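Novice: A predicted structure for the sequence below; I have some questions about it.
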Amino acid sequence: MKKVTLVCDGSSLGNGREEAQAGAFAVLTYVDREGKSRHKVVGEYLGFATNNQAEIVAAAIGLEALKVPCEVEVITDSQYVVETQKGNYRQKANHEYWRRLNAAARSHKVKWTWTRGHNNHPIQEECDRGAKKIAARGASNQMILDEMLKRIENKD
């Protein structure tokens, strides 16, 4: 099984307010046969959604981007996502979002890891930037993804 690290973040600008706009962003990284890190970035604009919903979608889009079953470490700054996926919190709300994430995770061996947000984790910081950019622009497009991929590759 290919080993992949998935770092993700969601953002809801105006969280909880009627005009809230949300975005999700994820970076998938694996090491190729030559020992070089390879990255793929994915993003999604959610429109009106809460921060928790955006965090769930961020993990889902990363897992959905994988074409074959993988061993995946999902790293997120959302304790809500990590603790729920570990079974420590119940899925009391956001059922459609949890169904999407559970379906995306089903074919993979997933390890859920929490990291403190805004704590100098370079890829996590870029995920935060990407999610906010998508939310602010009201769209996820190839230009944003390409720009974010270049920023991430420059950190290698």
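Specialist: On my side now, so go ahead.
Novice: which outside residues touch stretch 67-85?
Specialist: Residues outside stretch 67-85 that contact it (CB atoms under 8 Å, 6 or more residues apart in numbering): 1-10, 52, 55-56, 58-59, 62-63, 66, 89-91, 98, 101, 105, 107-118, 121, 123-124, 128. In this view, the C-beta of every residue, glycine as well, is placed from N, C-alpha and C.
Novice: Make a PyMOL selection of whichever of the residues you listed turn out to be buried.
Specialist: Buried residues within the contacts of stretch 67-85, by 16 or more other CB atoms under 10 Å, are selected in PyMOL with:
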select buried, resi 4+5+6+7+8+9+10+52+55+56+58+59+62+63+66+98+101+105+108+110+112+114+121+123+124+128
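Novice: Surely Glu147 is within a helix?
Specialist: Yes. Counting by DSSP: H, G, I helix; E, B strand; the rest coil, Glu147 is part of a helix.
Novice: how many neighbours does it have?
Specialist: Glu147: 15 surrounding residues under other CB atoms under 10 Å.
Novice: Can you tell me how far it is from Thr113?
Specialist: Per CB to CB, to the nearest Å, Glu147 is found 26 Å from Thr113.
Novice: So which of the contacts of stretch 67-85 belong to strands?
Specialist: Of the contacts of stretch 67-85, the ones assigned to strands by DSSP state E are 2-10, 109-114.
Novice: Among these, list the two that are farthest apart in space.
Specialist: Within those, two members stand farthest from each other by CB to CB: Lys2 and Gly10, at 24.9 Å.
Novice: then the strand or helix carrying Lys150 to CSV, C-alphas only?
Specialist: Element membership of Lys150, judged by DSSP states H and E, is helix 142-153. Taking Å, rounded to 0.1, in the frame of the first residue of the first chain, the C-alpha atoms of helix 142-153 are listed here in CSV:
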residue,chain,number,x,y,z
GLN,A,142,-6.8,25.8,-11.2
MET,A,143,-5.0,29.1,-10.8
ILE,A,144,-5.4,29.0,-7.0
LEU,A,145,-4.4,25.4,-6.9
ASP,A,146,-1.3,25.9,-9.1
GLU,A,147,-0.3,29.0,-7.0
MET,A,148,-0.6,27.0,-3.7
LEU,A,149,1.2,24.0,-5.2
LYS,A,150,4.2,26.2,-6.1
ARG,A,151,4.3,27.7,-2.5
ILE,A,152,4.3,24.1,-1.1
GLU,A,153,7.0,22.8,-3.4
